[in-house]
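Visitor: what's the 3D shape of this:
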Amino acid sequence: MTADPLAWRIERACVAALPPAERTRIGDWWAARSGGGSRRINAASAVTADALLDRSVLARIDAHYAAAGLPTIVRVTDLTCSATDWLDAEGFAGPEGATRTLMRQGGGGHRWSGAVVADHAGPCWLAARRHLAPGASDPTEMAARLSVPAGYARLEEGGAVRAIGYVALHDGIAVIEAVGTDPAARRRGHARAIVAALIGWADRHGAAHIALQVEETNAPARALYAAMGFATDLYGYHYRRRVPCPSRA
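Guide: Model prediction:
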């Protein structure tokens, strides 16, 4: 558990960078619902370091997701008291999607070639996102939900978009999201070019800190981010899923 103000600011900035379609306050938890394939915007996350998860709160969270025909997914972070024993006792499946939150300072900048950054998600960017992440939430809806400044990077090669990503700025913190490369164009430095372009956007917009989240098992991405200055490992999180989905009855 941590009450580190910067860690919680970055947690809130990550929410602003990938906002759910709706979220409801249940006790010390935000229950997010969006549909689509992203767990982060379809899970309950703690609001404070001392967030309480007891039988009453969990029952209300269950009911919230059951009403939408969704399974209950709880996002458990290192920022809060451990809920492992309670979720085990309630029959939740084991941890999945273990992820680290990494940070670097703003300033310094990066040079890149080939990557274009726009202030809006245009048709080319949206089409590439659908192609590269077919199971993710609809990118048009995602972009429409953003209420903070954002930059959308794309890199074209051979007349096609080969890599993309975006960055959103909240409370002086820039959060990099949705970095993806066409499998046929990997190992050509495209992801590095995208991240460098997004860091450059963040620097130009005065970000004091730049953060991103990456799955623990994604060794190539973690190596890339470490080489690009994301040396501070702030906190991790994982998901616990109730199976099967509780009945509406």
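
Visitor: Go ahead and confirm Gly180 touches Arg129.
Guide: Yes: taking contact to mean C-beta atoms under 8 Å, the distance of 7.4 Å between Gly180 and Arg129 places them in contact. C-beta here means a position set from N, CA and C on the backbone, and glycine is covered the same way.

Visitor: Who has more neighbours out of those two?
Guide: Neighbours were tallied for Gly180 and for Arg129 using other C-beta atoms under 10 Å; the higher tally belongs to Arg129 (26 against 18).

Visitor: sec struct for that one, please.
Guide: In terms of secondary structure, Arg129 is helix; the call rests on DSSP: H, G, I helix; E, B strand; the rest coil.

Visitor: sorry, back to before: which neighbours do Gly180 and Arg129 have in common?
Guide: Overlap of the contact sets of Gly180 and Arg129 (by C-beta atoms under 8 Å, 6 or more residues apart in numbering) consists of Ile164.

Visitor: mind listing the helices for the chain?
Guide: Counting by DSSP state H, residue ranges of the helices within the chain are 5-17, 55-66, 84-89, 123-132, 139-145, 190-204, 219-227.

Visitor: weakest of those helices in terms of mean pLDDT?
Guide: Averaging pLDDT over each of these singles out helix 84-89 as the lowest, with a mean of 88.

Visitor: List the contacts of that helix.
Guide: With C-beta under 8 Å, 6+ apart as the test, helix 84-89 has contacts from Leu53, Asp54, Leu58, Val74, Val76, Arg240.

Visitor: for that helix, which positions count as buried?
Guide: Taking 16 or more other C-beta atoms under 10 Å as the basis for neighbour counts, the residues of helix 84-89 that come out buried are Trp86, Leu87.

Visitor: just how off-centre is that helix within its chain?
Guide: When distances are taken as C-alpha atoms, centre = their mean, to the nearest Å, helix 84-89 is centred 25 Å away from the chain's centroid.
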